[in-house]
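Asker: just coords:
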């Protein structure tokens, strides 16, 4: 059977007619976003045996990015077409199965992760070396002073690491709109409302982590001692004063979620979808997130939390979703422990029991 070409016009398609990813043709749906500015070129009439009006051929198109906002679309008549099952088509419609259009390669991905880790540790070392010059002595400092120093340190680390990430990746701009997206619009949209899905996945994460925690305790017996995790180190500051509580809420509820979600979900998970399916990228980023906390006894709970954060991001393509979940989780724990401390409970004993 004869084949023909369906070509976009010589001039670039108007931006208003393009999809959000600036692609006039979708590889996922095999359809054009718009057929405006397109012309149909038939093969010689003799090849059609006089049946030009009855020409209905299934088409498979390929596109190549020539330059910014300019695309060339073509049909390969020799390529064997395979029917797409409705089951596969519906599966690909699920947001959690869709990949990101990542413009950088493995070299940039490795560079960003290594540079982020180095800048994280170097910033902490520089801060510790400068504190004595400002008259801060850890053994003599009050709890409020320690809380403020922790806040300044977390703010510095967040600014430096985010600067490294954006400084390297900005060389690839412009890239897809759903990369590093922080969008407060339409928070309750059913399809991808960031606040709606943050609430849904937060509830799911709480239930899943509770089940994992109970199962782990049943298998291992007594819960492990919590002497080295971050929460145990913060216990002296919890509920000691309004200044320390406010500092801890800003650290755990704003700065830490912004930094960690940008690294593990916004960059690492998105980058991995260039080579592996999105659910696999979610699992890898969740495992890395859990390992980065250096608390082996809580790996499963942190992995479940990381998986929920990744799936919520894949659902909405908006980093505000996992940031909100992470912030509610962290700040909720701090506020709950502060309340229990003020009520006279031994929060250290409560943590050991859980």
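Answerer: Perfect, thanks for sending it. Keep in mind that what you see is a predicted model, and the values were worked out from it rather than measured. Residues are numbered from 1 along each chain as shown.
Asker: please count neighbours and contacts with C-alpha atoms only from this point.
Answerer: Fine.
Asker: show me where the protein has helices.
Answerer: 86-93, 106-130, 143-169, 194-220, 230-234, 242-250, 256-261, 270-272, 278-291, 299-316, 320-342, 347-353 (DSSP state H).
Asker: and the angle from the fourth one to helix 320-342?
Answerer: Counting by axes from the mean of the first three to the mean of the last three CA atoms, to 10 degrees, helix 194-220 lies at 60 degrees to helix 320-342.
Asker: which strands and helices sit next to helix 194-220?
Answerer: Identification of packing neighbours for helix 194-220 by 3 or more CA pairs under 8 Å, 6 or more residues apart in numbering; DSSP states H and E yields helix 299-316, helix 320-342.
Asker: give me whichever of the ones you listed is most buried.
Answerer: Counting by mean count of other CA atoms under 10 Å, helix 299-316 has the highest mean neighbour count of those, with a mean of 24.
Asker: related to what we said a few turns ago, do you know which of the helices and strands packed on helix 194-220 lies nearest residue 180?
Answerer: helix 320-342 (9.8 Å; CA to CA).
Asker: buried residues, stretch 116-135. List them.
Answerer: 116, 119, 120, 123, 127 (16 or more other CA atoms under 10 Å).
Asker: what mean pLDDT does it have?
Answerer: Regarding stretch 116-135, the rounded mean pLDDT is 92.
Asker: repeat for stretch 157-175
Answerer: Rounded mean pLDDT across stretch 157-175 is 96.
Asker: list the buried residues in that stretch.
Answerer: For stretch 157-175, the neighbour count (16+ other CA under 10 Å) marks 157, 158, 160, 161, 162, 165, 169, 175 as buried.
Asker: OK, contacts around the residue nearest to the fifth one when sequence neighbours are not counted?
Answerer: The spatial neighbour of residue 162 that comes closest, neighbours along the chain excluded (CA to CA, 6 or more residues apart in numbering), is residue 259 at 6.9 Å. Contact analysis of residue 259 by CA atoms under 8 Å, 6 or more residues apart in numbering lists 158, 161, 162.
Asker: show me where pLDDT drops low in this structure?
Answerer: 1-93, 221-229, 352-354 (pLDDT under 70).
Asker: rewinding a little: okay if I get the helices and strands packed on helix 194-220 as JSON lines plus distance to residue 254?
Answerer: Below are the helices and strands packed on helix 194-220 laid out as JSON lines (distance: least, CA to CA, whole Å):
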{"stretch": "helix 299-316", "distance to residue 254": "15"}
{"stretch": "helix 320-342", "distance to residue 254": "6"}
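Asker: out of those, the one nearest residue 267 is which?
Answerer: When the helices and strands packed on helix 194-220 are compared by CA to CA, helix 299-316 sits nearest residue 267, at 11.3 Å.
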